[in-house]
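> Pasting the sequence and the predicted coordinates here, then a few questions.
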Amino acid sequence: MKNSIYICILALCIYSCGTTKDRKLDVSSTDNASDTVRIANDSLEYEIIIIEPGFTSWLVTQQPRGYYSQQFLEVRNRQYVTEYNQRVLQPQRFDPNLYLQQINYESRTDYGYEVNYLLYNYFLFFERQYRQKFFVSRGQRF
């Protein structure tokens, strides 16, 4: 189960690389190796791999590590994952090419700061890159 979230993200990223013609991507680099982010923790048996053209260069323009608390990131990730999973279950309403399968993010698992930071920023990237809005009345981000 712990690996499910990362397998889903990996599958989404791999799928997105193969279907870029439908997505109107703003690709600033064609070197996929430079757009691969991998974080692993063998003791918890999880891994996150983000393979998304432009993610790495976009990430360096965001708030630096340490700007958000881990608690903030965990709360936001739970909200994003919940909304994302609801969209997966509504393929007639949301593009099934974007929302492939549910993400299993266990709120009781301490994934650590780095994983939560990358997952949160991936959701921000996903919103902007694919013009998706997860929270209609969210207001300003902290």
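Cool, got the structure. All figures in this text were calculated on a predicted structure; none of them were measured in a lab. Numbers count the residues shown, from 1 in each chain.

> Would you quantify the distance from residue 110 to residue 64?
According to Cβ to Cβ, to the nearest Å, residue 110 and residue 64 sit 22 Å apart. Where C-beta positions appear, they are placed from N, C-alpha and C, glycine not excepted.

> out of these two, which sits in the busier spot?
residue 110 (12 against 8; other Cβ atoms under 10 Å).

> Spell out which helix or strand contains the more buried one, please.
Of the helices and strands defined by DSSP states H and E, none includes residue 110.

> likewise the one 10 residues further on?
Remark: residue 120 resides in helix 113-129, with elements defined by DSSP H and E.

> now swap in residue 104 and tell me
Here residue 104 is assigned to no helix or strand, by DSSP H and E.

> Do a quick rundown of the helices in the protein.
4-18, 55-59, 70-88, 113-129 (DSSP state H).

> Please identify the most buried of the ones you listed.
helix 113-129 (a mean of 20; mean count of other Cβ atoms under 10 Å).
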